[in-house]
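J.: quick one: sequence and predicted model below, then my questions.
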Amino acid sequence: MKKIFISISTLIISLTNAQKNNEILERKFENQRIENSKKFDAYITKRYGQDRNPEDLKEIEKQRISLAGFIENKPYFYKAYDQDQIMNSNSDYLQGGTISGLTGSFNGEGIKFTIFDGSSISGTPGRVFDGHVFFNNATGRISNKEATTLIYGDHATSVAGFIGARNYPYTVTLNNGTTRAVNFKGIAPNSTIDAYAFLQTTLPGETSPSTVFQKIIKAQPNISNHSYGANYGWSEGAVNGAAAWIWNSAFTSPNTSYDAQGTYHNNDRDYDQIVYNNPSYIIVKSSGNSYGDGPSTATSTYKKYYEDDNGNLVEFASTDTLPPNNCSQGYDCIGIGSLAKNIIVVGATNRITTNEGRYTSSTDVIHSSYSSAGPRDDGGIKPDISAVGTSVASASSENNTTGSQSLTVGNGTSYSAPVVTGIIGLWTQINKQLFSGNLLNAASAKTLMIHSALEAGNPGPDPHFGWGFINAKKGAELLVGKSNNTVIFNDETLNNEIPNTKTVKASGSEPLKVTISWTDPEFTNFTSQWVNVHNNRTSKLVNDLDLRIVDTTDNTTYLPWRLDYNNPMTALKGDNTVDNVEQVIVDAPVAGRNYKIVINNKGTLKNNTGANAPQNYSIIVTGHSEVLGTKESKAGVLSNLAVAPSVTKDVINILKAPKKSTFTIYDLSGKKLQNGTINSDKEVVDLSAHTKGIYIIEVKTDNDVISKKIIKE
C-alpha cells in the first residue's frame with residue numbers, strides 16, 4: 001500500500017506542476033497574441049493607411065486570424081496544406097488483428113484524436129462536417145469545439161477522414177475520365193475526434209480570441225494533428241486579379257535576398273515549449289507543399305513581386321536577380337513552425353501501386369514533387385517521417401454552414417500527416433492493452449516511429465523522407481517485443497555527467513540497432529534580424545545527449561547518423577550535435593559478442609528555466625539475445641559498494657565489492673581503458689596512465705552492475 005500511495009502522490013505532484021506550467025504558458029501566449037496584434041495593427045497602418053475600402057477590411061480580417069508571427073516587422077501567415085494509405089503503411093495488419101502476440105483488432109477504439117484545421121479558403125476558419133456519412137458508424141464521433149457560426153471546412157473534413165473515416169468502398173471518377181476503386185476508410189475508423197480551427201478564433205464561452213497555441217493548452221490533447229503551416233519562399237498567388245509569384249521573405253534590389261526556409265523561430269519554440277511542459281502531448285504536423293515553387297518556363301507570363309518595408313507589393317525589376325526557387329538544391333524549404341524538435345513532422349510520398357500496395361524496397365518510396373524538404377538550417381533532421389499523400393481519397397464538404405456529402409482525391413502533406421497521426425493512435429491503443437492502460441508519450445511515440453521506419457531514399461535519414469517511411473506493423477511488433485522482453489523499450493532518465501550503460505549480447509541474426517529520443521527544452525536564443533535568421537547554423541539543442549555502441553572485444557565505437565547541412569542528401573555517421581534523436585546501428589554484429597550501449601551528455605543538462613535538471617529520454621534496442629546488465633541495477637550485493645576518493649591524482653579504492661566481481665574503466669565516449677578482477681574488500685586501482693578528465697568505473701557481478709563517476713586531476 002505504501003508503494004501505491006507514493007506513486008499516486010508523485011502523479012498528483014506531477015499533474016499539479018504541469019497545470020501550473022500550463023497556466024504560465026497560457027499567460028505567455030496571451031501576451032504574445034496581444035503583442036503580435038499590436039505589431040499587426042502597425043503593419044496594417046503602414047500598408048493600407050487609414051482609408052480602407054470594404055475589400056481591404058475583409059482581407060485585413062483574414063490576415064489577422066491567420067497571423068503566425070513576425071520576422072523583423074514582416075508578418076507571416078498560416079495556410080492549410082493540402083484504402084492506399086492503409087496498405088502502404090501496413091496499417092491493415094493492426095486493423096485486421098493479425099499481429100502475433102496481440103488480442104483482437106485495433107481500429108481506434110477508446111482513442112481520441114484532436115485536430116486543428118480549417119478550410120481551403122485562405123483566412124477562413126472551418127469545422128469538420130460531423131454529419132458526413134463517413135463518420136456515421138457511431139454517434140458522437142466528431143466533437144466540434146468551435147462556435148457553430150463557423151462554416152464547415154473541406155480541408156478539416158478531409159483530414160478527419162484520413163484519421164477516422166469508416167469503411168466505405170466506392171468507385172471514383174477522376175478528372176481525366178478514368179475510374180478508380182477506392183475505400184475511404186481511415187486509419188482509426190472507430191476513434192473519436194475533437195476538432196478546433198487552427199486560425200485565431202473566439203471559442204464558445206470566451207470573450208477573447210485564442211491562437212492555436214492557446215487552444216492546444218485548453219484542449220490538453222494526447223495525440224493531435226496539425227495540417228497547416230507558413231511558406232517563407234516563393235508562393236503562387238494573384239495580384240490585381242492576375243496570376244503572380246510572390247516572394248515571402250526579404251529582398252533588396254538589385255540582388256540581396258534572405259529567406260526563413262529551414263529557420264527555427266517563434267512558432268517552433270512555442271511547440272517545443274508546450275511539449276516540454278506536457279511530455280504526454282504528441283503533436284504531428286505536415287512539412288508543407290512548397291517544394292520547387294517559383295518562377296518557371298511554364299509560368300513565364302506571371303509577374304513577380306516582393307514586399308517592401310511598408311508591406312506593399314513591389315514588382316521585381318527586369319534587372320533584379322530573383323531569389324532561387326524553393327528547394328532549388330533539392331532541399332531546404334520547410335517553413336517556420338514545422339521545424340520544432342519535440343513534434344513529429346511528416347513529408348509526403350507517392351502511392352505505392354506495385355506488389356499490391358506493399359513496400360518491398362526503398363525504391364518503392366517516391367518523394368512527392370511538392371513535399372517540402374529539410375533539413376533545419378542547423379542540419380537537424382526534418383521531416384521526421386514520410387507517408388503516402390499523393391492521389392489519395394478522403395471525405396470533403398462544401399465550405400458553408402450546411403455542409404455536404406462530398407469526397408476528394410487530392411495531394412498534400414496535409415494528407416500524409418493524419419496517416420501518421422492515426423497510426424500513433426493505433427500504437428497507443430496497443431500500448432494500453434499490453435501495459436495496463438498506459439499511453440505513449442511524445443518521446444516514446446517518436447522513438448517507436450523512427451526505430452520501426454522502413455528505409456526510403458539513401459541509407460539513413462535524409463531531408464526528403466526523414467528517418468524513412470511509416471510502418472504500422474513493425475511498430476506494433478516492437479510493442480509486443482517489449483511485452484515479452486525480447487525488445488528493450490524503456491523511458492529512462494539521464495543525470496548530469498553520469499552515463500547510463502547497458503551491455504547486451506548480439507543475436508547476430510539482424511543488425512544491433514539502438515534509437516533514443518528526448519523532449520528537449522525550447523531553444524530561445526534567436527533573433528528576428530533577417531541577416532541572422534537566414535541559414536543560421538547554430539545548434540537548436542539545449543541538452544545534447546550522445547548515444548554510442550562499443551564492441552567490448554575490440555573497443556570499436558559505433559556512432560549515430562547525422563546530416564551535413566552543406567550536403568544533406570547523404571547521411572553521415574559521427575557526433576550528432578543538433579538532433580534530439582540519435583540512432584546507432586551495428587550492421588553486422590558478431591553473434592554472441594557483448595556490446596556496450598552508452599548514453600551520455602555534453603555540458604550540463606538543463607530544464608527550460610535554465611536550472612540544472614536530469615533529462616528523460618526513450619530508448620529502443622533490437623538485435624540482441626540477452627541483456628547482461630544496466631547501470632540502473634543498484635540493488636543486491638553491490639548496494640554497499642563505494643569508490644574513494646571520487647577525485648584523485650593517481651589511485652582510487654573500490655570498497656566493499658564482492659570478491660571475484662570485475663571492474664572496468666571507461667572514458668566518457670564509452671571506450672574501455674582498463675579492467676580487472678576484485679580480490680579484496682579494498683581493491684586499489686592505479687589511474688596514473690590516464691590523462692586528466694572524467695572517467696566511469698563499472699563494477700559487475702553475474703547479476704548486478706553499478707557505475708560510479710571519478711575525476712582524475
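T.: Received the coordinates, thanks.
J.: Ile366 - nearest residue in space that isn't next to it in sequence?
T.: The shortest distance from Ile366 to any non-neighbouring residue, by C-beta to C-beta, 6 or more residues apart in numbering, is to Asn350 (4.2 Å). In short, each C-beta sits where N, CA and C put it, glycine included.
J.: what residues does the one you found make contact with?
T.: 366-368, 388, 390-391 (C-beta atoms under 8 Å, 6 or more residues apart in numbering).
J.: and Arg33, how many residues sit next to it?
T.: Neighbour count of Arg33, defined by other C-beta atoms under 10 Å: 18.
J.: all strands for the stretch 151-300 of the chain, in order.
T.: In the stretch 151-300 of the chain, the segments counted as strands under DSSP state E, counting those that start in this stretch are 151-152, 169-173, 179-183, 192-197, 223-226, 228-229, 234-239, 242-247, 250-252, 256-258, 282-286.
J.: can you add distance to Val685 and give those back as JSON lines?
T.: Converted to JSON lines, the strands of the stretch 151-300 of the chain look like this (distance: least, C-beta to C-beta, whole Å):
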{"stretch": "strand 151-152", "distance to Val685": "72"}
{"stretch": "strand 169-173", "distance to Val685": "71"}
{"stretch": "strand 179-183", "distance to Val685": "67"}
{"stretch": "strand 192-197", "distance to Val685": "59"}
{"stretch": "strand 223-226", "distance to Val685": "50"}
{"stretch": "strand 228-229", "distance to Val685": "56"}
{"stretch": "strand 234-239", "distance to Val685": "64"}
{"stretch": "strand 242-247", "distance to Val685": "65"}
{"stretch": "strand 250-252", "distance to Val685": "60"}
{"stretch": "strand 256-258", "distance to Val685": "57"}
{"stretch": "strand 282-286", "distance to Val685": "46"}
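J.: of these, which is nearest Gly104?
T.: strand 192-197 (18.7 Å; C-beta to C-beta).
J.: for Arg226, which non-adjacent residue is closest in space?
T.: Slight slip there: residue 226 is His, not Arg. Lys285 (4.3 Å).
J.: is it fair to say Val346 lies in a strand?
T.: Yes: applying DSSP: H, G, I helix; E, B strand; the rest coil, one finds Val346 inside a strand.
J.: and the nearest residue to it once chain neighbours are set aside, how many neighbours?
T.: Counting by C-beta to C-beta, 6+ apart, Ala417 is the residue found nearest to Val346 once chain neighbours are left out, at 4.3 Å. Residues lying near Ala417 (other C-beta under 10 Å) number 33.
J.: contacts only, for Ala417.
T.: By C-beta under 8 Å, 6+ apart, the contact set of Ala417 is 81, 159, 225-227, 284-286, 346, 387, 389.
J.: between these, which sits nearest Asp704?
T.: Checking those against Asp704 with C-beta to C-beta, the nearest one is Val284 at 40.8 Å.
J.: okay, and the beta partners of that closest one?
T.: Beta bridges link Val284 to Asn225, Ile344 when assigned by DSSP bridges.
J.: domain assignment for this structure?
T.: Following automatic domain parsing, one gets these domains for the chain: 2-75, 81-231+261-292+331-452, 486-628, 636-712.
J.: for stretch 687-696, output the C-alpha coordinates as PDB.
T.: The C-alpha coordinates for stretch 687-696 follow below in PDB (Å, rounded to 0.1, in the frame of the first residue of the first chain):
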ATOM      1  CA  LEU A 687      44.900   5.600 -12.900                       C
ATOM      2  CA  SER A 688      48.300   7.300 -13.400                       C
ATOM      3  CA  ALA A 689      48.500   6.100 -17.000                       C
ATOM      4  CA  HIS A 690      45.400   8.100 -18.000                       C
ATOM      5  CA  THR A 691      45.100  11.900 -18.700                       C
ATOM      6  CA  LYS A 692      43.200  14.300 -16.600                       C
ATOM      7  CA  GLY A 693      39.400  14.100 -17.000                       C
ATOM      8  CA  ILE A 694      36.200  12.300 -16.000                       C
ATOM      9  CA  TYR A 695      36.000   8.500 -16.100                       C
ATOM     10  CA  ILE A 696      33.400   5.900 -15.300                       C
END
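J.: just how off-centre is it within its chain?
T.: Relative to its chain's centre, stretch 687-696 lies at 39 Å (C-alpha atoms, centre = their mean, to the nearest Å).
J.: equivalent analysis for stretch 363-372, please.
T.: On C-alpha atoms, centre = their mean, the centre of stretch 363-372 falls 19 Å from that of its chain.
J.: now do stretch 459-478
T.: With C-alpha atoms, centre = their mean, you get 13 Å for stretch 459-478.
J.: how far does it stretch from start to finish?
T.: One end of stretch 459-478 to the other measures 21 Å (C-alpha to C-alpha, to the nearest Å).
J.: now do stretch 680-691
T.: End to end - C-alpha to C-alpha - stretch 680-691 spans 27 Å.
J.: for that stretch, buried residues please.
T.: Residues 683, 685, 687 are the ones in stretch 680-691 that count as buried (16 or more other C-beta atoms under 10 Å).
J.: now that stretch: how far from the chain's centre is it?
T.: Remark: stretch 680-691 is offset 45 Å from the chain centroid, using C-alpha atoms, centre = their mean.
J.: hmm, who's touching it?
T.: 648, 650-657, 659, 663, 665, 673-674, 676, 695, 697, 710, 712.
J.: same thing with stretch 427-436?
T.: Stretch 427-436 has contacts (C-beta under 8 Å, 6+ apart) with 94, 99, 102-104, 106, 108-111, 188, 222-223, 438-440, 445, 448, 472, 475-476, 479-480, 482-483.
J.: do stretch 561-568 as well
T.: When contacts are defined by C-beta under 8 Å, 6+ apart, stretch 561-568 is touched by residues 331, 374-375, 377-381, 460-463, 537, 571-579, 582-584.
J.: let's see that with 6 Å instead.
T.: Stretch 561-568 is touched from outside by 331, 375, 379, 381, 460-461, 463, 571-572, 574, 576, 583, with contacts defined as C-beta atoms under 6 Å, 6 or more residues apart in numbering.
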